[in-house]
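Undergrad: just a sequence and a predicted model for now, questions to come.
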Amino acid sequence: MRDIHHFINGKMVAGDSGRTSDVFNPNTGEVQAKVALATENELGTAVAAAEAAFPAWSATNPQRRARVMFEFKRLLEAHMDELAELLSSEHGKVIADSRGDVQRGLEVVEYACGMPQVQKGEYTEGAGPGIDVYSMRQPLGVCAGITPFNFPAMIPMWMFAIAISAGNTFVLKPSEKDPSVPMRLAELFLEAGAPAGVLNVVNGDKVAVDAILDHPSIKAVSFVGSSDIAQYIYSRGTANGKRVQAMGGAKNHGIILPDANMDQAVKDIVGAAYGSAGERCMALPVVVPVGKDTADEFIERITAEVDKLKVGISTDPEAHYGPVVTAAHKATVENYIRIGAEEDGADLLIDGRGFELQGYENGFFVGPTLFDNVKPGMKTYEEEIFGPVLQVVRADSLEEAAALPSNHQYGNGVAIFTRNGRAARDFAASVNVGMVGVNVPIPVPVSYHTFGGWKRSAFGDTNQYGTEGTRFWTKIKTVTQRWPEGDVGDQAFIIPTMQ
Ligand code: NAD
């Protein structure tokens, strides 16, 4: 049995809590490793290493820091296959999706290679007589990231690539369900030239998370995960005086107008609803066709597409998606399907419960599931399912359709499928959701824009990566200076607006 430890001060460090968590192979259901769960003291050791590394790292000039990111990018590319296989083996997503997971993180690393340009300050010459004003973005110190299971490569890199290239040092607490890729990223980052202690990985559960939230030396915490935990992280972290951003769950809607290109919409929605077994915060689990004809056509065509979906093990190159992450999550998803059919009274057109893959009967597979006539107020509509379950909510007008995502508790992403530019533009401007796709089913912004939802999909004010990420991981200092000549006498300082 493989043991997964912590990565502290440039070395693998065995856990000493005596507590571990099982890491499964979701294809077979077998336990393939045990990951250590850190104590408060172990977290403290990682913070001490990050604190010791901070003075030299923050004083390293930005271009040299960027060189480490360039080399890290090269190593990520060189190790792409290895990382994708490792990721699939613990998460269960197919190799193509795992490569995408690494790639989208790598793109944030590419952005971080340009940090000298992004981070440089502003300067005003002559803001008053002989007075210049300049501002600088300084790193915060030791920062922390707490990440979910569903993107074990991308989301850690959203955080540490920006934080570290800006001069901070970092403690990452990845998901205990698939911790091996984050550990490997830390090794590669060291190999790329980062000094020991700049990036540390502490594995663990609530004990480690609470220790992060309470540690006085940690200045900022970024979290991505489910909403109740996000809200808890935000409350406890900010109560302790930390800067906190906490991204939560999602229930993204895709609206189909009668004039949409239905071929494109159906193809896009199959991938966005069922890809990665629906375990994406930007998945599209709710579709809202406008008008009865649109809805009937959509149901007919999506049913045919779902019939063609192949569920397989994560290394099957022909599989569209693999197992969900754990047996517990499979049970949760199947229970939502039961509630949808039996308690909510929605029409269960395709039932993915009890799906068995020949030769992998103990794997955590859930078949593709389709509901029609889902309505607001139903438990399965209001809550996030996070599985391969697509729910169709019928609407009579664009106004009725647009109100659904706007009024939902989550506001991560939304998509509209139409050929009407004006309708799309007005929708994008008015919808109460943070990321909008127009004929784009999964509108995850590129690395030089920024990622973040609204309402219960995010707590805190700043988004992940891009300029917003740089703001989150730095604090601004503004200097007003003058160099009076000779006798100061009649040159007493006057604030320009007081003259
Ligand atoms: P999760 O909330 O269970 O876990 C996230 C992290 O919190 C993990 O590191 C976990 O160890 C820790 N954690 C779990 N329970 C805790 C507790 N009681 N106290 C303190 N820490 C705790 O989420 P998950 O199941 O790993 O990931 C799926 C969720 O993440 C979904 O809700 C999904 O929508 C969301 N997600 C959101 C985004 C986004 O950007 N908005 C991106 C990806 C995933």
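TA: Sure thing, it's come through.
Undergrad: what about T450, distance to N150?
TA: Distance, T450 to N150, using CB to CB, to the nearest Å: 19 Å. For glycine as for every other residue, the C-beta is placed from the backbone atoms N, C-alpha and C.
Undergrad: and the two? Which one has more around it.
TA: Taking neighbours as other CB atoms under 10 Å, T450 and N150 compare with N150 leading, 24 against 20.
Undergrad: burial measure for G225, as a count.
TA: Counted with other CB under 10 Å, residues neighbouring G225 total 22.
Undergrad: wait, isn't it in contact with G248?
TA: Yes. Using CB atoms under 8 Å, G225 is in contact with G248, at 7.1 Å.
Undergrad: P156 contacts F170, doesn't it?
TA: No. Counting by CB under 8 Å, P156 does not reach F170; the two are 9.4 Å apart.
Undergrad: who in the stretch 51-200 of the chain is up against the ligand?
TA: 146-151, 173, 175-176 (CB under 6 Å from any ligand atom).
Undergrad: quick check: I442 is in a strand.
TA: No. According to DSSP: H, G, I helix; E, B strand; the rest coil, I442 belongs to no strand; its state is coil.
Undergrad: isn't it up against A272?
TA: Yes. Contact criterion CB under 8 Å: I442 and A272 qualify, at 5.1 Å.
Undergrad: now do the shared contacts for those two.
TA: Common neighbours of I442 and A272, using CB atoms under 8 Å, 6 or more residues apart in numbering, are 282-284, 415.
Undergrad: tell me which two of those sit farthest apart.
TA: Within these, two members stand farthest from each other by CB to CB: A283 and A415, at 10.9 Å.
Undergrad: what touches both of these two?
TA: 252, 272, 442.
Undergrad: which of the residues you listed sits closest to the ligand?
TA: N252 (9.6 Å; CB to the nearest ligand atom).
Undergrad: and the gap between that closest one and R425?
TA: From N252 to R425 the distance is 20 Å (CB to CB).
Undergrad: same question for P116.
TA: In terms of CB to CB, P116 sits 36 Å off from R425.
Undergrad: check M136 too.
TA: Per CB to CB, M136 is found 39 Å from R425.
Undergrad: for those two, indicate the residue with more neighbours.
TA: The neighbour comparison of M136 against R425 (other CB under 10 Å) goes to M136, with 15 against 12.
Undergrad: what pLDDT does the residue nearest to N373 when sequence neighbours are not counted get?
TA: Nearest non-adjacent residue to N373, counting by CB to CB, 6 or more residues apart in numbering: D347, 4.8 Å away. D347 is assigned 98 on the pLDDT scale.
Undergrad: D347 contacts F371, correct?
TA: Yes. Between D347 and F371 there is a contact at 6.4 Å, judged by CB under 8 Å.
Undergrad: those two - which one has more neighbours?
TA: Higher neighbour count among D347 and F371: F371, with 25 against 13, using other CB under 10 Å.
Undergrad: touching the ligand at all, stretch 206-223?
TA: Yes. Applying CB under 6 Å from any ligand atom, one finds stretch 206-223 in contact with the ligand at 206, 209.
Undergrad: OK, contacts around V266?
TA: The neighbours of V266, taking CB under 8 Å, 6+ apart as the test, are 298, 301-302, 305.
Undergrad: make JSON lines out of these and add pLDDT.
TA: JSON lines is the format used below for the contacts of V266 (pLDDT from 0 to 100):
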{"residue": "F298", "pLDDT": "98"}
{"residue": "R301", "pLDDT": "98"}
{"residue": "I302", "pLDDT": "98"}
{"residue": "E305", "pLDDT": "97"}
